[in-house]
Structure formats: C-alpha cells, structure tokens
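In: here is my input, please return the structure:
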Amino acid sequence: MKHEIDYTLYLVTDREFMSANTLERAVEEAIVGGCTVIQLREKMASSLEFYRTALNIKAITDKYRVPLIINDRVDIALAVDADGIHLGQRDLPAGAVRKIISNDKIMGVSVSNFQEAVKAVADGADYLGVGAMYATDSKRDAEIVSLAELKTIRNAVDIPIVVIGGINKNTVQDFVASGIDGLAVISAVISQKDIAGAAKELITMFRGGTSNSPSLTVI
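Out: So this is what the prediction gives:
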C-alpha cells in the first residue's frame with residue numbers, strides 16, 4: 001500500500017486551530033474535501049487520550065480508505081494499527097524506528113536541509129516532510145527552508161516530498177512546478193469555516209487550476 005500513497009494534500013491535525021466542534025468532524029470534512037493523508041498529532045494528550053482519539057480517527061480514515069499517520073508516538077501507531085508514523089529530528093531515530101515497525105508501515109521524516117534528507121532516506125524513510133517553508137504559528141521555532149534548498153533536496157532524493165509550514169492559498173503557487181508530491185497543511189484547512197471547501201481549493205490550485213465550484217460538506 002505504501003508505494004501507492006497519494007500525498008497531494010496531507011492534513012496535520014491541531015486542536016488549537018480547529019474550527020469544527022470535534023476533531024472527528026474536522027477530519028471527515030477534510031477527507032470529503034479531498035485530503036489524501038491524515039497525520040494525527042496530539043502533543044498535549046495523555047497516552048490513553050491519544051490512543052482513544054487515534055481509534056476514532058482511524059475508523060474515519062478506514063471508511064474513506066485514506067492513510068492514517070501518527071505523529072511521533074510509535075507505540076500509538078502500533079497499538080491502533082495505523083498506516084504509518086511521522087518523526088521529527090528530535091524524535092526517536094528513524095533507523096531505530098524502522099527496526100520496530102514492519103516494512104509495510106509508512107515512515108515519514110521531517111527535514112530542513114540536504115544532510116537530514118539524505119540521512120532520512122538511508123534510514124528507510126518512505127517520504128520527507130520538508131519545512132518550515134514559511135513562518136507559521138503552529139511551530140514558531142521552526143527553521144525556515146529556502147526554495148533553493150528544497151530544490152537541492154528534491155534533486156537528491158527519489159522518495160515523495162511534502163512541504164509544510166505556512167502552506168496556504170497565498171503560497172501554494174510557489175510549489176506548483178517544484179517537483180514535490182504534496183502539500184502538508186494545518187490551519188489552511190482545519191481552521192477554515194468550510195473545511196472541505198478549503199481542501200478542495202488548495203488541491204485545485206496545486207494541480208494548476210482555480211476553483212469556484214461549490215464545496216462538499218459532511219452531513
């Protein structure tokens with residue numbers, strides 16, 4: 001399955017920026033709007049809360065056959081049989097994690113430069129999250145990655161790349177012809193009043209068009 005993943009619009013959850021009244025509703029609306037991957041990030045939750053939330057979200061992603069990636073917590077990913085895990089530079093080393101999870105599981109790694117990207121690939125990463133491309137409220141201390149560095153990374157690796165950090169409808173055009181595989185977004189989708197419509201618009205813009213079509217909604 002992991003070799004057939006569509007990374008076009010990769011949603012990273014964040015309750016702080018969520019417009020919907022429940023995370024489950026926000027995720028379902030995002031998927032209906034076209035999000036192709038969901039990463040569950042629960043930095044403030046207890047292990048039990050994270051586990052229960054992951055089960056609820058997995059029921060939704062399974063329903064729509066969209067991959068569920070768990071941020072950081074290898075134990076949670078394995079406990080709920082998520083599709084994969086995403087690691088930052090301060091999390092468990094990717095090489096060690098690959099030994100824990102099966103080869104069928106997706107492993108993504110956040111990188112901000114060429115050296116980190118090459119190491120992540122060597123450690124068994126299936127995709128890279130490159131950023132932060134722009135300053136963002138969700139991660140104020142993130143190192144900014146230039147478009148030139150992104151190009152260097154793209155030329156150096158042959159696995160999928162998603163960009164993250166300040167990705168929204170005002171910046172998406174910077175990546176249309178960049179050779180990347182997808183956009184990782186938080187507030188550009190999950191904070192919007194019309195979550196599904198926001199997702200649909202970003203996908204259309206990334207694929208080189210504009211959208212004025214009515215958006216789908218979850219009832």
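
In: where does residue 125 land in three-state SS?
Out: Three-state call for residue 125 (DSSP: H, G, I helix; E, B strand; the rest coil): coil.

In: any idea how far the top helix by length along the chain is from the chain center?
Out: For the chain, the helix that runs over the most residues, judged by DSSP state H, is helix 47-64. Chain-centre distance of helix 47-64: 16 Å, with Cα atoms, centre = their mean, to the nearest Å.

In: cool, and stretch 125-136?
Out: That offset, for stretch 125-136, works out to 9 Å (Cα atoms, centre = their mean).

In: residue 38 should be in a strand, yeah?
Out: Yes. The assignment for residue 38 is a strand, going by three-state DSSP.

In: shouldn't it be in contact with residue 11?
Out: Yes. Counting by Cβ atoms under 8 Å, residue 38 does reach residue 11; the two are 5.3 Å apart. Where C-beta positions appear, they are placed from N, C-alpha and C, glycine not excepted.

In: which residues are in contact with both of the two?
Out: Listed contacts common to residue 38 and residue 11 are 27, 30; contacts here mean Cβ atoms under 8 Å, 6 or more residues apart in numbering.

In: out of these two, which sits in the busier spot?
Out: Of the pair residue 38 and residue 11, residue 11 is the one with more neighbours under other Cβ atoms under 10 Å, namely 29 against 25.

In: report the spatially nearest residue to that one, omitting neighbours in sequence.
Out: residue 35 (4.4 Å; Cβ to Cβ, 6 or more residues apart in numbering).

In: over to residue 36?
Out: Per Cβ to Cβ, 6+ apart, closest to residue 36 is residue 6, 4.3 Å.

In: helix, strand or coil for the one you found?
Out: Once three-state DSSP is applied, residue 6 turns out coil.

In: returning to that earlier point: give me the helices and strands touching the longest helix of the chain, please.
Out: Secondary-structure packing of helix 47-64 (3 or more Cβ pairs under 8 Å, 6 or more residues apart in numbering; DSSP states H and E): helix 23-33, strand 37-40, strand 68-71, helix 74-79.

In: among those, which is nearest residue 94?
Out: Nearest to residue 94 among the helices and strands packed on helix 47-64 is helix 74-79; the distance by Cβ to Cβ comes to 10.8 Å.

In: list the helices and strands that closest one packs on?
Out: By 3+ Cβ pairs under 8 Å, 6+ apart, helix 74-79 packs against helix 47-64, strand 68-71, strand 84-87, helix 94-100.
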